[in-house]
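Student: Pasting the sequence and the predicted model now:
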Amino acid sequence: MELELRHLRIVCAIAELGSITKAANTLGMAQPALTAQLKRIERTLGGAVFLRDHAGTRPTALGKLVLDRARMLLPAVSALHDEAARLAQHIHSGEPLTLRLGSTSGPMLGGLVQRLGTLHPETHVAPHASWSANELASLLSDGSLDFAFIGVCGDAPPPPEPGVRWQTLATDPVFVLLSTRHPHAKDDAVELAALADERWCATPGDGCFADCFVSACAKAGFTPRNLYETDVLACVDMVESGHAVVLCQPTFREFPGVVAVPIAGNPLSWRHLIGWSHRGEMGLFAAEMIALSRAVYRELSEHRPSYARFLEANPEWGVSYADSAI
């Protein structure tokens, strides 16, 4: 006899109810038939799954192993059935599929929407922007989003939401955005210590980035004057006017009057992640979304001359092709 899902359901029912008689009633089986079925399961597994005495049934070491695996497999198979049914309903009804994308990274999201529109014109894309990676992770977990694009500082883990998987798309060094009139605007790289007297600015975000920036400044021998957090356009205005310098991604959109310059030694880094819920039907398209996202990132990098030059000299940065999900 080969082990089947119904056998795992039997083992789980007996363990949860602590009695073969109670499990038989719950499963709608006669108690002798359930006992016989359990014996066949135990023969298949090669040992006793339960110890039976006057106190009821208790799982053996083998039984605990089977229960651990069953409690992972049964919900996963149930979710697969639900996802397949919902997807089939979309297909057969002829209704357009809606893909809900969240992002803390505007350039990545915009490029992806364009590619999806070309490859899947029948799909409706619903974007959602947020500065909070934690918020997007929560929306993935509760099923309000299908995919989310976030960034995390250095080796920091992504937000720990149940049922959410993350895949690294790329890792960037953090650049600094300077006015084209700044003394270091034409440098191949600027020392962090050379910016000790500057006012600093960055877009909002949760996580440890602000703390890591202060730590990097301390290693460079100074304490930053301040770190404003504001929207992208306000950051650009303050840089262009010479009021502040901005910590930015090297794929940052280029604006007149400002330039992105590498920081010598790359003391700060930023990981781009894509996340999805393995309990949602769109998780079936995760591999395609990862491939499209990497393609969008490569295109962004190639269209930023300063970063393209940096990557040519530093190939260890940029797009990541590791396949292990977090």
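Tutor: Arrived safely.

Student: Please enumerate the strands of the stretch 101-250 of the chain.
Tutor: 124-129, 147-153, 164-173, 175-179, 200-202, 227-229, 245-248 (DSSP state E, counting those that start in this stretch).

Student: need these in TSV with mean neighbour count, distance to Arg100 and mean pLDDT, can you?
Tutor: Where you see a C-beta, it was placed from the backbone N, CA and C, and this is true even at glycine. Below are these laid out as TSV (neighbours: other CB atoms under 10 Å; distance: least, CB to CB, whole Å; pLDDT from 0 to 100):
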stretch	mean neighbour count	distance to Arg100	mean pLDDT
strand 124-129	14	5	88
strand 147-153	24	8	94
strand 164-173	21	14	94
strand 175-179	24	31	96
strand 200-202	21	27	89
strand 227-229	15	27	84
strand 245-248	24	27	93
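
Student: so which of those strands comes closest to Ala137?
Tutor: Among the strands of the stretch 101-250 of the chain, strand 164-173 comes nearest to Ala137, with 5.8 Å by CB to CB.

Student: What lies in contact with that closest one?
Tutor: 137, 140-141, 149, 158, 249-251, 262-263, 266, 268-278, 283, 286, 290, 293-294, 297, 310, 314, 317-320, 322-323, 325-326 (CB atoms under 8 Å, 6 or more residues apart in numbering).

Student: rewinding a little: format the strands of the stretch 101-250 of the chain as a markdown table; extra columns: distance to Ser19.
Tutor: Below are those laid out as a markdown table (distance: least, CB to CB, whole Å):
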| stretch | distance to Ser19 |
| --- | --- |
| strand 124-129 | 49 |
| strand 147-153 | 45 |
| strand 164-173 | 37 |
| strand 175-179 | 65 |
| strand 200-202 | 61 |
| strand 227-229 | 59 |
| strand 245-248 | 62 |
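
Student: thinking again about what came up before, mind listing which of the contacts of strand 164-173 are in helices?
Tutor: 137, 140-141, 286, 290, 293-294, 297, 310 (DSSP state H).

Student: Could you list the buried residues of stretch 224-242?
Tutor: If you call a residue buried by 16 or more other CB atoms under 10 Å, then stretch 224-242 has these buried ones: 224, 227, 235-240.

Student: closest one to Ile10 among the strands of the stretch 101-250 of the chain?
Tutor: strand 164-173 (30.4 Å).

Student: Now do that closest one against strand 147-153: the angle between them, please.
Tutor: Using axes from the mean of the first three to the mean of the last three CA atoms, to 10 degrees, the inter-axis angle of strand 164-173 relative to strand 147-153 is 50 degrees.

Student: May I have strand 164-173 as PDB, with CA atoms only?
Tutor: The C-alpha trace of strand 164-173 is given here as PDB (Å, rounded to 0.1, in the frame of the first residue of the first chain):
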ATOM      1  CA  VAL A 164       5.500  35.400   2.800                       C
ATOM      2  CA  ARG A 165       8.500  34.400   0.700                       C
ATOM      3  CA  TRP A 166      11.300  36.700  -0.400                       C
ATOM      4  CA  GLN A 167      13.800  36.500  -3.300                       C
ATOM      5  CA  THR A 168      16.800  38.800  -3.700                       C
ATOM      6  CA  LEU A 169      16.800  40.500  -7.100                       C
ATOM      7  CA  ALA A 170      19.900  42.700  -6.800                       C
ATOM      8  CA  THR A 171      22.200  44.300  -4.300                       C
ATOM      9  CA  ASP A 172      23.400  47.900  -4.800                       C
ATOM     10  CA  PRO A 173      25.900  50.100  -3.100                       C
END
